[in-house]
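Student: Predicted model and sequence follow; I will ask about them next.
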Amino acid sequence: MNAPTHPKHITLIGAGLAGALLATLLARRGWQVDVYEKRGDPRLQGYQGGRSINLALAERGRHALRLAGADEAVMAQAVMMRGRMVHFLDGRTDLQRYGRDDSEVIWSVHRGELNLILLQIAEDAGARLHFHRGLSEVDFDQRIARFVDDRDGGTHEIVFDSLVGADGAGSALRGAMKQATDLGERTEFLGHSYKELEIPPSPDGGFSIEPNALHIWPRGRYMCIALPNDERTFTVTLFLPNEGDPSFQTVRDGADARALFERDFADALPLIPNLEHDFEHNPAGLLATLYLDRWHLDDRAVLLGDAAHAMVPFHGQGMNCAFEDCIALAEHLLAGNDRADAFAAFQQQRLPSTRAIQAMALENYLEMRDRVDNDDYLLQRALEHELAQRHPERFMPRYAMVTFHRMPYEVAFERGQRQRELLVELTAGHERLDTLDWDHVDALVRERLSPLPTDE
């Protein structure tokens, strides 16, 4: 049985994105870090994720990558996305920029490639990586964790000081912690699921459609999106309700999927030559939000990322939020405080932020599938852009606060609500911005919105 012998030793469960990043942040500061992962080493056997392969990297995530020394390697494989390319039912398209210019963009990154980079950097920093070690049970009284090798069923035991659960929404550590204490866990399913499809490169080897955009086909209760990959493909995700028409109840096989695309996504259909095969062979993914009231068990265990607060993917912030968790937890541990105090302070700092981004992610689904082609929404977007230029010290689109800055999510959420109320009020009864009373508009902005906080 392996026993930790270093006063700054910690055991991480999960060698995915968050586990590898946290391992790097701590190992670089002299901690001894052991990381246990149920899967094999993807650097040897290739990425076998099973999860959505595209992720949206924003400023919060890039900040974490810079701290870990990984930003340059990751950005070499990232594809810039300037905004949402909306595909209307009649075939028209419209690029709705995320920010003011190309200084405010997000980046499409491949989950597998990112994981490979972060694992190597973690190992180079001194973290010890243990693969084929799936957590099976934890004796918190004796501080013993037991693992199973998926290759031969063999069991392995270790002694730990503290465990960190970075093992995703289906966290094995969370399952063990629930047997020792009440975490206040609840899961809210969205009532929608998704299927992944693919747009291959064009015959000349390039991108088949505009590469520097996140493509959206909004259709009310459902939608398609497509994100670019650096190998000139697009990962297409079809989101449908679980019940109703259309839904995954009525769209059951490849023929049904083709009929749906012929009717509702006609311009996308020629781009997806393997539609029927992909629809029938790729599993449907569930969409849910995980809430916990408690993330830690005194000084013995703590959860972060999806293990503590899984969210729906519609704000592209799941990974970015998890990386912020890693920075926050590392800072509390490096401060040298008692670990129970460090874990409690980490939860106190991050839980309000994660509740805010979980709410914003749910709101963004409604916006993406049902509002981006709506005239009222487009007028409000135009006014939002104008106010951001007229009052840069007071008005910033919520998307920009979340995506291009690092102010706490709860601050962005609260300010975003006040700004949205203002946009709705000011555009009521108007069809164009040139009919607004700008003196009245400017006065209301100064009256209702305090100066913006900084990121730090």
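Tutor: Looks like it came in fine.
Student: Now the nearest residue to residue 351 once chain neighbours are set aside, what are its backbone angles?
Tutor: Nearest non-adjacent residue to residue 351, counting by CB to CB, 6 or more residues apart in numbering: residue 295, 7.0 Å away. In short, each C-beta sits where N, CA and C put it, glycine included. As for residue 295, its main-chain torsions (degrees, to the nearest 10) stand at phi -110, psi -10.
Student: remind me, longest helix of the chain?
Tutor: When the chain is parsed with DSSP state H, its longest helix is helix 339-370.
Student: what's the next helix or strand after that helix in contact with?
Tutor: Per DSSP states H and E, the first helix or strand lying C-terminal to helix 339-370 is helix 375-390. For helix 375-390, contacts defined as CB atoms under 8 Å, 6 or more residues apart in numbering pick out 96, 100, 367, 371, 395-397, 400, 419-420, 423-424, 426-427, 430-433, 436, 441-442, 445.
Student: if you set the cut-off to 10 Å instead, what comes out?
Tutor: With contact meaning CB atoms under 10 Å, 6 or more residues apart in numbering, helix 375-390 is reached by 86, 94, 96-97, 99-100, 367, 370-372, 374, 394-400, 419-420, 422-424, 426-428, 430-433, 436, 438, 441-442, 444-445, 449.
Student: Go through the helix or strand harbouring residue 80 and flag the buried ones.
Tutor: Assigned by DSSP H and E, residue 80 falls within strand 79-81. Neighbour counts over strand 79-81 (16 or more other CB atoms under 10 Å) mark 79, 81 as buried.
Student: What residues sit buried inside stretch 129-140?
Tutor: Using 16+ other CB under 10 Å as the test for burial, stretch 129-140 gives 129-135, 138, 140.
Student: between the residues you listed, which is closest to residue 407?
Tutor: Relative to residue 407, the closest of the buried residues of stretch 129-140 is residue 129; by CB to CB it sits at 34.1 Å.
Student: Could you pull up phi and psi at the residue nearest to the closest one when sequence neighbours are not counted?
Tutor: Spatial nearest neighbour of residue 129, chain neighbours left out: residue 35 (5.1 Å); criterion: CB to CB, 6+ apart. Backbone dihedrals for residue 35, given as degrees, to the nearest 10, come out at phi -120, psi 130.
Student: Quick check: pLDDT value at residue 35.
Tutor: Residue 35 is assigned a predicted lDDT (pLDDT) of 98.
Student: before we move on, what about residue 364?
Tutor: Residue 364 is given a pLDDT of 85.
Student: contacting residues around it?
Tutor: 312-317, 357, 371, 398-399, 402.
Student: Just give me the least confident of those residues.
Tutor: Ranked by pLDDT, the contacts of residue 364 bottom out at residue 371, which scores 62.
Student: Put the alpha carbons of stretch 259-276 into CSV.
Tutor: Taking Å, rounded to 0.1, in the frame of the first residue of the first chain, the C-alpha atoms of stretch 259-276 are listed here in CSV:
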residue,chain,number,x,y,z
ALA,A,259,-36.5,13.7,-43.5
LEU,A,260,-36.0,16.2,-40.6
PHE,A,261,-33.0,17.7,-42.2
GLU,A,262,-34.7,18.0,-45.6
ARG,A,263,-37.5,19.9,-43.9
ASP,A,264,-35.7,22.0,-41.3
PHE,A,265,-32.0,22.1,-42.0
ALA,A,266,-31.9,21.9,-45.8
ASP,A,267,-28.7,23.8,-46.3
ALA,A,268,-26.9,21.6,-43.8
LEU,A,269,-28.0,18.3,-45.4
PRO,A,270,-25.6,18.2,-48.4
LEU,A,271,-22.7,18.9,-46.0
ILE,A,272,-23.3,15.7,-43.9
PRO,A,273,-22.8,12.8,-46.2
ASN,A,274,-22.9,10.2,-43.4
LEU,A,275,-26.0,11.6,-41.7
GLU,A,276,-27.9,8.3,-41.5
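Student: Name the residues of it that are buried.
Tutor: 260-261, 264-265, 267-269, 271-272, 275-276.
Student: Put together CSV for the residues you listed, with secondary structure and pLDDT on each row.
Tutor: Listed next are the buried residues of stretch 259-276 as CSV, based on DSSP: H, G, I helix; E, B strand; the rest coil; pLDDT from 0 to 100:
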residue, secondary structure, pLDDT
260, helix, 98
261, helix, 98
264, helix, 97
265, coil, 98
267, coil, 97
268, coil, 98
269, helix, 97
271, helix, 97
272, coil, 98
275, helix, 98
276, helix, 98
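Student: ok, which pair from the residues you listed is furthest apart?
Tutor: Largest separation among those by CB to CB: 267 and 276, giving 18.1 Å.
Student: any idea how far the helix or strand containing residue 197 is from the chain center?
Tutor: Using DSSP H and E, residue 197 sits in strand 186-199. The offset between the C-alpha centroid of strand 186-199 and the centroid of the whole chain comes to 14 Å, using CA atoms, centre = their mean, to the nearest Å.
Student: swap in stretch 336-345?
Tutor: The answer for stretch 336-345 is 26 Å, by CA atoms, centre = their mean.
Student: Other residues contacting that stretch?
Tutor: 8, 10, 161-162, 164, 294-304, 328-335.
Student: Can you give me the domain boundaries for this protein?
Tutor: 9-72+110-186+288-362, 374-448 (automatic domain parsing).
Student: Quick check: which of those has the most neighbours on average?
Tutor: Greatest average neighbour count among these goes to domain 9-72+110-186+288-362 (a mean of 20), per mean count of other CB atoms under 10 Å.
Student: For that domain, measure first residue to last.
Tutor: 38 Å (CA to CA, to the nearest Å).
Student: now swap in stretch 8-24 and tell me
Tutor: With CA to CA, one end of stretch 8-24 sits 14 Å from the other.
Student: cool, and stretch 93-101?
Tutor: So stretch 93-101: terminal residues 19 Å apart, CA to CA.
Student: Buried residues in that stretch, which are they?
Tutor: Counting neighbours by 16+ other CB under 10 Å, one finds that the buried residues in stretch 93-101 are 96, 98-99.
Student: now swap in stretch 191-208 and tell me
Tutor: Going by neighbour count (16+ other CB under 10 Å), the buried part of stretch 191-208 is 192-199, 207-208.
Student: mind putting these in JSON lines, pLDDT included?
Tutor: Converted to JSON lines, those look like this (pLDDT from 0 to 100):
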{"residue": "192", "pLDDT": "94"}
{"residue": "193", "pLDDT": "95"}
{"residue": "194", "pLDDT": "95"}
{"residue": "195", "pLDDT": "95"}
{"residue": "196", "pLDDT": "94"}
{"residue": "197", "pLDDT": "96"}
{"residue": "198", "pLDDT": "95"}
{"residue": "199", "pLDDT": "96"}
{"residue": "207", "pLDDT": "97"}
{"residue": "208", "pLDDT": "97"}
